[in-house]
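A.B. asks: Return a 3D structure for these sequence lines:
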Amino acid sequence: MKINAALFSLIAVLVCTLALTGCSRDQKNADPVQSDVELELASPDALPDEDKTTPEKTETDDTDPAKEPDKLFEKKDDVSPADSPAVTTPSKDDSSSEKPVDETTQQPHSQPMQPSILNLPQELQTRPEKELKNNPNKLDTRLYAVFKNVIEQNFSRKKGTLSVYRLNFDGTEGVYELKFDINNAYDENGYLNKNAAVSASMKVAETMQSNYNYGQGTTETYATYAQYRETLDWLQSPLLMEGFALENFSDLTLTVEDGHYLIEATYSSAALNKLYQQEIYGTVQSYLQLDAQGNLEVLAWEQTEIIDDYPTVTSRSEYTFQ
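C.D. replies: Numbering: from 1, shown residues only. The predicted structure follows:
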């Protein structure tokens with residue numbers, strides 16, 4: 001009985017030991033299985049952020065076409081001015097193209113070029129340099145030269161006919177026709193003898209309404225060059241002689257129409273007061289009209305005043321050379 005009791009106790013201890021060993025083994029085997037199942041069933045949202053960003057595609061992968069234009073505009077904005085042809089600084093060629101404008105602005109003494117006047121003979125556009133220095137209003141010196149040269153050429157003729165029409169300030173009119181041949185007053189070397197005999201005479205016409213009748217006028221004959229010259233100076237005007245200078249003009253313009261050149265010179269008030277030693281009213285201008293070859297068609301001056309709110313020519317002289 002003692003043996004059976006001891007054997008029973010040994011068997012009981014063995015069973016308990018086996019039971020404890022089995023429970024520990026089952027627990028160890030259950031943990032790995034449960035872990036594998038959890039990894040397989042886990043959703044992407046449950047993954048850590050580091051795991052999410054790891055498989056992200058690079059820029060070389062396919063991109064969203066809708067976002068591609070925005071990236072291109074960003075690139076244009078990021079381009080530096082030195083690399084972008086649209087915003088590059090002007091090159092030497094570009095800066096040189098602006099030089100004509102700069103030169104024009106740096107030369108205030110010259111009015112805008114008048115190409116049409118260049119068709120006239122070059123000698124008509126040239127005057128001594130000393131005459132061009134005093135030019136306070138920065139007028140076109142070529143127009144002045146053409147006007148001045150034509151005046152001198154025609155008033156220095158040695159033979160021909162000069163006709164002058166005058167409208168005086170008091171409303172009276174007169175026409176004068178001077179015929180002359182003064183070649184005899186010059187020797188073979190071109191020197192002038194003021195006392196030499198010449199052939200010169202002038203007819204003075206009387207006004208009859210709108211017509212002029214030379215038959216009822218008078219005729220004057222001049223035996224010497226000195227007498228002829230005195231009459232010529234009387235027919236001329238201070239405006240066309242000593243008064244015709246750049247410093248006396250407030251404006252000088254050119255009009256070209258149908259092959260004719262019209263140059264207008266406007267006198268300043270100060271110049272008029274100095275020439276006539278009295279105050280001159282209104283606007284005073286001299287006119288020169290030439291054909292395409294530079295031949296004189298009209299030479300005149302006139303004074304215009306505003307009378308009863310209307311511009312009115314109050315005096316005028318017009319010269320015709322034949």
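
A.B. asks: CA atoms for contacts and neighbours, from now on please.
C.D. replies: OK.

A.B. asks: How about Tyr281: what's its closest non-neighbour residue?
C.D. replies: Leaving aside its chain neighbours, Tyr281 sits nearest to Glu305 (6.9 Å; criterion: Cα to Cα, 6 or more residues apart in numbering).

A.B. asks: For the helix or strand where the one you found lies, name the packing helices and strands.
C.D. replies: If you go by DSSP states H and E, Glu305 is part of strand 296-307. Under the contact criterion of 3 or more Cα pairs under 8 Å, 6 or more residues apart in numbering; DSSP states H and E, strand 296-307 touches strand 283-290, strand 310-321.

A.B. asks: Could you pull up the contacting residues of the nearest residue to Ile306 once chain neighbours are set aside?
C.D. replies: Setting aside the residues directly before and after it, Ile306 is nearest to Thr312 in space (Cα to Cα, 6+ apart), at 5.9 Å. Thr312 makes contact with 304-306, according to Cα atoms under 8 Å, 6 or more residues apart in numbering.

A.B. asks: Which among those residues count as buried?
C.D. replies: Buried by 16 or more other Cα atoms under 10 Å: 304-305, out of the contacts of Thr312.

A.B. asks: just the contacts of Thr312 now: which is nearest Gln125?
C.D. replies: When those are compared for distance to Gln125 (Cα to Cα), Thr304 wins out at 28.7 Å.

A.B. asks: these two touch, right, that closest one and Val284?
C.D. replies: Yes: Thr304 lies in contact with Val284 (Cα atoms under 8 Å); the separation is 6.4 Å.

A.B. asks: Confirm Ile280 sits in a strand?
C.D. replies: No: according to DSSP: H, G, I helix; E, B strand; the rest coil, the state of Ile280 is coil, so it is not within a strand.

A.B. asks: So it is in contact with Asn273, correct?
C.D. replies: Yes: between Ile280 and Asn273 there is a contact at 6.2 Å, judged by Cα under 8 Å.

A.B. asks: When these two are compared, which one has more neighbours?
C.D. replies: Using other Cα atoms under 10 Å as the criterion, Ile280 and Asn273 rank with Ile280 on top: 16 against 13.

A.B. asks: hmm, back to that, could you measure from the residue nearest to Ile306 over to Asn273?
C.D. replies: 20 Å (Cα to Cα, to the nearest Å).

A.B. asks: May I ask which helix or strand encompasses Thr231?
C.D. replies: Taking DSSP H and E as the criterion, Thr231 maps to helix 225-235.

A.B. asks: Give me the angle between the helix or strand just after that helix and strand 283-290.
C.D. replies: Following helix 225-235 in sequence order, the next helix or strand is strand 249-257 (DSSP H and E). Here strand 249-257 points in a direction 40 degrees away from that of strand 283-290 (axes from the mean of the first three to the mean of the last three Cα atoms, to 10 degrees).

A.B. asks: What's the mean pLDDT across strand 249-257?
C.D. replies: Mean pLDDT, strand 249-257: 94.

A.B. asks: returning to that earlier point: just the closest of the contacts of Thr312 to Pro121, please.
C.D. replies: Nearest to Pro121 among these, with distances taken as Cα to Cα, is Thr304, at 32.2 Å.

A.B. asks: Return the helix or strand in the protein with minimum mean pLDDT.
C.D. replies: For the chain, counting by mean pLDDT, DSSP states H and E, helix 68-78 ranks last in confidence among helices and strands (a mean of 35).

A.B. asks: Pass me the low-pLDDT residue ranges in the stretch 51-200 of the chain, would you?
C.D. replies: Along the stretch 51-200 of the chain, the model assigns pLDDT under 70 to residues 51-118.

A.B. asks: now the residue nearest to Tyr281: how far from Val256?
C.D. replies: Distance of Glu305 to Val256, computed by Cα to Cα: 26 Å.

A.B. asks: and Asp233, how many neighbours?
C.D. replies: Applying other Cα under 10 Å, we find 12 other residues in the vicinity of Asp233.

A.B. asks: after the helix or strand containing Val146, next one along is what?
C.D. replies: For Val146, the host element (DSSP H and E) is helix 141-155. Sequence order places strand 159-167 as the next helix or strand after helix 141-155, per DSSP H and E.

A.B. asks: Which positions in whatever helix or strand comes next after that following strand come out as buried?
C.D. replies: Following strand 159-167 in sequence order, the next helix or strand is strand 173-181 (DSSP H and E). Neighbour counts using 16+ other Cα under 10 Å place 173, 175-181 of strand 173-181 among the buried residues.

A.B. asks: now stretch 220-228
C.D. replies: Applying 16+ other Cα under 10 Å to stretch 220-228 flags 221-222, 224-228 as buried.
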